[in-house]
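Novice: Fold the following.
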Amino acid sequence: MVVNPSKVDDAKDLRSRVRSTLADAGWPEPSWWETTPDDPGAGQAAKAVRDGAEVVFACGGDGTVQSCLSALAGSRAALAIVPVGTGNLLATNLGIPTDTVRAVRVATQGGRRRIDVGRTDDMCFAVAAGIGFDAEVLDAPEPLKRALGWPAYVVSAVRHLHDPHFVVEIRLDDAPPSRQRARSVMVANVADLRGRLTVAPDASDDDGALDVVVVAPRRPRDWVSVVYRTLRRRPHPQVQRYKAGEVDIRVLDRAASRQVDGNTLEPGDRLHVVLDRRALEVCVP
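Specialist: Numbers count the residues shown, from 1 in each chain. Presented below is the predicted three-dimensional model:
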């Protein structure tokens, strides 16, 4: 059990409920590991695998889940999610309940599935990586996220509507690179992203492909029609979608905000992603 203590209001109550739920299913007492600012989950999950764990529970927000799955991808251990964060992006796409007891029962009831992951640098992701606007909105203050939940990101998005475009060069697999202006380029592994927006309607976490979404509204007011059509799952001329197994994104005129599964990275001018086919086993309903 890898737990982010900053996301848990009552650690003693959490332990009690988890132990009771696992005992009722005939499972053994779990080992407990707390994340730290220096190690948000990857080190704890990797040690659990070395110690022989068959299931690693990630109890926290998107950051905890992403850190754990980076350590578990390619291993024989399964990832189980106990979502207690703001976005809970992967949990939402997998249908994991937000109630702690019900989430733990998902693992004990035996549903398993292998999903694709994307790799960028030394990290893996299961939902999406991106550069530009989708990363900029993640600077929502923690108190606001605790108060509002995911709508806090809407407040943050409004603050960034007037930020400038950038010039980006995108290479998909072995095709020649294409150059265009954009406000956001996302590499998605699932359909539903922040605020349950179906940004990549054709995406599937086990289809062997990454969905690349380029968003390029010309004016701030164009965001209204982009969001409206996205909510209605209709195409928009300022939103282009592609599929690839390897994606290389280079911003040519400045450093830009970047994110991986809702976790901000240092601003940079490149995002290179490679698909790792069915590398992660997850516990699902």
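
Novice: Would you tell me which strand is longest in this protein?
Specialist: If you go by DSSP state E, the chain has its longest strand at strand 270-283.

Novice: Quick check: neighbours of that one in the sheet, parallel or antiparallel?
Specialist: If you go by DSSP bridges, strand 270-283 pairs up with strand 78-83 (parallel), strand 112-120 (antiparallel), strand 246-251 (antiparallel).

Novice: Go through the last one and flag the buried ones.
Specialist: Which is strand 246-251. Across strand 246-251, burial judged by 16 or more other C-beta atoms under 10 Å covers 247-251. In this view, the C-beta of every residue, glycine as well, is placed from N, C-alpha and C.

Novice: Nearest to His272 among those residues?
Specialist: The nearest member of the buried residues of strand 246-251 to His272, counting by C-beta to C-beta, is Asp248 at 4.9 Å.

Novice: The closest one contacts Ile170, doesn't it?
Specialist: Yes. Asp248 is within contact range of Ile170, at 7.2 Å (criterion: C-beta atoms under 8 Å).

Novice: Need the residues touching each of those two.
Specialist: Here Asp248 and Ile170 share the contacting residues Pro177, scored by C-beta atoms under 8 Å, 6 or more residues apart in numbering.

Novice: Could I get the buried residues of strand 246-251 in CSV, plus columns for distance to Leu148 and pLDDT?
Specialist: Output for these, formatted as CSV (distance: C-beta to C-beta, whole Å; pLDDT from 0 to 100):
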residue, distance to Leu148, pLDDT
Val247, 32, 98
Asp248, 36, 98
Ile249, 30, 98
Arg250, 35, 98
Val251, 30, 98
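
Novice: what's downstream of the helix or strand where Val155 lies, the next helix or strand?
Specialist: Using DSSP states H and E, Val155 sits in helix 151-159. Using DSSP H and E, the helix or strand that follows helix 151-159 in sequence is strand 166-172.

Novice: Who are the packing partners of that next one?
Specialist: strand 178-182, strand 210-215, strand 239-244, strand 246-251 (3 or more C-beta pairs under 8 Å, 6 or more residues apart in numbering; DSSP states H and E).
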